[in-house]
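Asker: attaching a predicted model along with its sequence, questions to come.
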Amino acid sequence: MADAASMAASRSPAIPDSASMAASQAPPGVALLAVEGLQAWYGESHILHGVDFEVRRGEVVTLLGRNGAGKTTTMKSVMGMVGKRRGSVRFEGVETIALSSDRIARRGMAICPEERGIFASLTVLENLLLPPVVREGGFSVERIYALFPNLKERQASQGTKLSGGEQQMLAIGRILRTGASLLLLDEPTEGLAPVIVQQIGATIGKLKESGLTILLVEQNFRFAQSVADRHYVMENGRVIDMIANSDLEANMERIHEYLGV
Ligand SMILES: Nc1ncnc2c1ncn2[C@@H]1O[C@H](COP(=O)(O)OP(=O)(O)OP(=O)(O)O)[C@@H](O)[C@H]1O
Ligand SMILES: [Mg+2]
């Protein structure tokens, strides 16, 4: 179930990276993540044509847009998980465009992919322990269980035995252990029952309170509104608009036009 690319970063040992230590105290006002003119290709297919956005420390920011707009590709490109990327992706003020995906992960970014990447043959606990800790400040297993009590009850269950909601919680819990300060969550609510969606929303709120920064791809527009500070709208491999969450309600017509809903 897990795809090799998404786990590639996780298998490398937790080698402290002196540059990342020095950069971990980026001055206030500098975006935690600053993406400028990001282009990406899958083989010969040119998918991103110059994506610009930024995420400040402690924010929850969404990427909205129709199917195929390039939201997932943007997340993968930020993590260095596409064949070729150009432009600028600065994390804590440091340029990462030339780094491999495992070095990027070690700087403190982690992705929770849409397909969740749970290993079917491993138990919940084994899945949790899989990605190595890359920085200090990661969640302990007990802290992850406190956030997702269902996972504690199911800790000896195999990945295949989990419900969709439990798999999503496991996929999020797993990256919290690494110590990443920026979490990239690709459609965490997809296919889940409303009560589970609510639970994921509450969790995102708690993670934000604990100081984490989150970039979120969402199709569930009302969910996005309930958790985010700002929204970027993507179309055809570009960011075409930015809307503060507080302005969202007043711009509903514009949003509906963008998303075709
Ligand atoms: N592995 C791939 N190889 C070639 N083209 C791809 C690949 N993955 C995605 N694409 C193409 O890249 C474009 C952007 O896809 P992407 O998955 O980033 O969109 P998205 O905004 O996440 O869409 P969705 O809402 O459906 O998840 C689409 O035209 C898609 O067909
Ligand atoms: Mg996608």
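Answerer: Looks like it came in fine. Ligands and ions are numbered 1, 2, ... in the order given.

Asker: quick check: Q39 touching R85?
Answerer: Yes: checked against CB atoms under 8 Å, the pair Q39 and R85 is within contact range at 6.7 Å. For every residue, glycine as well, the C-beta is placed using N, CA and C.

Asker: overlap in contacts of these two?
Answerer: Common contact partners of Q39 and R85 (CB atoms under 8 Å, 6 or more residues apart in numbering): L48.

Asker: can you count the residues close to G83?
Answerer: Number of residues near G83 (other CB atoms under 10 Å) recorded here: 12.

Asker: repeat for F221
Answerer: The local packing of F221 (other CB under 10 Å) involves 17 other residues.

Asker: look up phi and psi at it.
Answerer: Here is the backbone geometry of F221 (degrees, to the nearest 10): phi -60, psi -40.

Asker: assess the claim that it and L259 are in contact.
Answerer: Yes: with contact defined as CB under 8 Å, F221 counts as touching L259 (6.7 Å).

Asker: can you tell me the closest non-neighbouring residue to whichever residue of the stretch 51-200 of the chain sits closest to ligand 2?
Answerer: Among all residues of the stretch 51-200 of the chain, T72 sits closest to ligand 2, at 3.1 Å; criterion: CB to the ion. Once flanking residues are discounted, T72 sits nearest to D186: 5.6 Å by CB to CB, 6 or more residues apart in numbering.

Asker: the one you found and E95: what is the separation?
Answerer: Distance, D186 to E95, by CB to CB, to the nearest Å: 24 Å.

Asker: neighbour count for those two, which is higher?
Answerer: Taking neighbours as other CB under 10 Å, D186 and E95 compare with D186 leading, 23 against 11.

Asker: verify the stated contact: that one with R116.
Answerer: No: between D186 and R116 there is no contact under CB under 8 Å: 9.3 Å.

Asker: low-confidence ranges in this protein?
Answerer: For the chain, the stretches with pLDDT under 70 are 1-29.

Asker: show me where this protein has its strands.
Answerer: 33-42, 45-55, 60-65, 84-91, 94-95, 109-112, 182-186, 213-217, 230-235, 238-244 (DSSP state E).

Asker: tell me which parts of this protein are close to ligand 1?
Answerer: Residues of the chain lying close to ligand 1 (CB under 6 Å from any ligand atom) are 42, 45, 47, 65, 67-73.

Asker: so what does the lengthiest helix in the chain touch, helix or strand wise?
Answerer: Ranked by residue count, the top helix of the chain under DSSP state H comes out as helix 194-209. When contacts are defined as 3 or more CB pairs under 8 Å, 6 or more residues apart in numbering; DSSP states H and E, helix 194-209 packs onto helix 164-176, strand 213-217, helix 221-227.

Asker: kind regards, and thank you for your time.
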